[in-house]
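**Q** Everything below, folded, please.
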Amino acid sequence: DVSKGQPLLLWSDGQWTSLLANWSNPFRQHDVVDFAHHLLQQTNPFFLSCCWESRLEDEGQLKVVDHNAQGCPLRLYICSEQKSTLPIDLQGLVSNWSLASFGLHALTEPADVTCLHIDRFDSRGRKSKNRLTWDSKVWLPFFLGEKLEVDYIPFVVTGVSYHLGDEATSGHYCTAIKDK
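**A** Next comes the predicted model:
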């Protein structure tokens, strides 16, 4: 019992066991966002969404050039120019994603809750050591109908999961939840 200081062992709980049945290498440490993505695919909660598209106009025609209809999390990448010692702002990462070089990225419908994943590891497994900053709200773009016009919806940042360590397969994952 967690309330009595006992550890919570997910493998001893029948409901968790069914959710983890298709999880690869369950006894090896994984990225917390990959694990959350797996759980979200297994449970498909109705209140959590992050479907998006990348659109552009080509010869007067609106084209969808990329999309994610599977939901969360929305992956935000730290571009190579940001790999310095300067702090990185969450809203800036959202803007970089939205205004990416190939099309305008935005949610396809506003959601009540969403999950953002900041990819701190590059393709060679090196971790960005930049400090991440954020305000109490982050504004995510969403498309207004079937056009290139967007509006922004505010999301309150209520929790952050972060990694302590140099490799995604080692170290510790921690979560901080905002106290109301």
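**Q** low pLDDT regions in this protein?
**A** Applying pLDDT under 70 to the predicted model, the residue ranges of the chain that meet it are 1-3, 29-31, 33, 46-49, 70-72, 79-84, 180.
**Q** What ranges does it have for its helices?
**A** Secondary structure of the chain, counting by DSSP state H: helices at 14-19, 32-43, 90-98.
**Q** For the shortest one, enumerate the helices and strands it packs against.
**A** What that stands for is helix 14-19. In this structure, helix 14-19 makes packing contacts with helix 32-43, judged by 3 or more Cβ pairs under 8 Å, 6 or more residues apart in numbering; DSSP states H and E. No exception for glycine: its C-beta is placed from N, CA and C like everyone else's.
**Q** Report the distance from the helix it packs on to the chain centre.
**A** Computed by Cα atoms, centre = their mean, to the nearest Å, the separation of helix 32-43 from the middle of its chain amounts to 11 Å.
**Q** For it, list every residue counted as buried.
**A** Applying a neighbour-count criterion of 16 or more other Cβ atoms under 10 Å, one finds 32-33, 35, 37-40 buried in helix 32-43.
**Q** Just give me the closest of the residues you listed to D89.
**A** V33 (19.4 Å; Cβ to Cβ).
**Q** coming back round to it: can you check which of the helices of the chain gets nearest to T175?
**A** helix 32-43 (8.0 Å).
**Q** by contact count, what packs against that closest one?
**A** On a contact count with 3+ Cβ pairs under 8 Å, 6+ apart, helix 32-43 meets helix 14-19, strand 159-164.
**Q** Would you tell me which one of those is buried the most?
**A** Stretch with highest mean neighbour count among the helices and strands packed on helix 32-43: strand 159-164 (a mean of 13; mean count of other Cβ atoms under 10 Å).
**Q** elements contacting it?
**A** Using 3+ Cβ pairs under 8 Å, 6+ apart as the contact definition, the elements that strand 159-164 packs against are helix 32-43, strand 172-177.
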